[in-house]
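1. Sequence plus the predicted model coming up.
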Amino acid sequence: MAESVQEFFDGLAAGVDPAKTAGMSSTYLFEIEGAGTWTVAVADGSVSVSEGGDAADCTISTGEADFMKIVRGEQNPTTAYMTGKLKIKGDMGAAMKLQKLF
């Protein structure tokens, strides 16, 4: 279990089951207030993570505490979105596929 946002993104690529992401091809920009920005690129089962970034199919913005609650399973991502704690811009279809990464 990741102890920080940085630790989560550092281990994300190695922790994803390629069978779950097969056929997916999207880029995600995570803007985590108080922690930083990361780009996650998914290309048919392969996942790569890099710090920073600008253009992506889907941008996810949230605070550090809320992000960690979602990652730990303490906060439902849909509820976080509906209550404004999680903001999504861009391709909503790509955003819905994000659950395959976690």
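-> Cool, the structure landed. Numbering: from 1, shown residues only.
2. Please make it C-alpha for all contacts and neighbour counts, starting now.
-> Will do.
3. Would you point out the helix or strand in this structure whose mean pLDDT is lowest?
-> helix 18-21 (a mean of 83; mean pLDDT, DSSP states H and E).
4. strands paired with the following helix or strand past it, and their directions?
-> Next along the chain after helix 18-21, taking DSSP states H and E as the criterion, comes strand 25-33. Neighbouring strands of strand 25-33 in its sheet, by DSSP bridges, are strand 36-43 (antiparallel), strand 58-63 (parallel).
5. Specify the stretch among the ones you listed that is closest to Ala22.
-> strand 36-43 (7.8 Å; Cα to Cα).
6. what's in contact with that closest one?
-> Under the contact criterion Cα atoms under 8 Å, 6 or more residues apart in numbering, strand 36-43 has outside partners 9, 21-31, 47-53, 56.
7. what mean pLDDT would you report for that strand?
-> Averaged over strand 36-43, pLDDT sits at 95.
8. can you count the residues close to the nearest residue to Thr39 once chain neighbours are set aside?
-> Spatially, and ignoring its direct neighbours in sequence, Thr39 is nearest to Leu29 (4.6 Å; Cα to Cα, 6 or more residues apart in numbering). Neighbours of Leu29 under the rule other Cα atoms under 10 Å: 25.
9. From the contacts of strand 36-43, keep the buried residues only.
-> The neighbour count (16 or more other Cα atoms under 10 Å) marks Phe9, Thr21, Met24, Ser26, Thr27, Tyr28, Leu29, Phe30, Glu31, Val47, Val49, Ala56 as buried among those.
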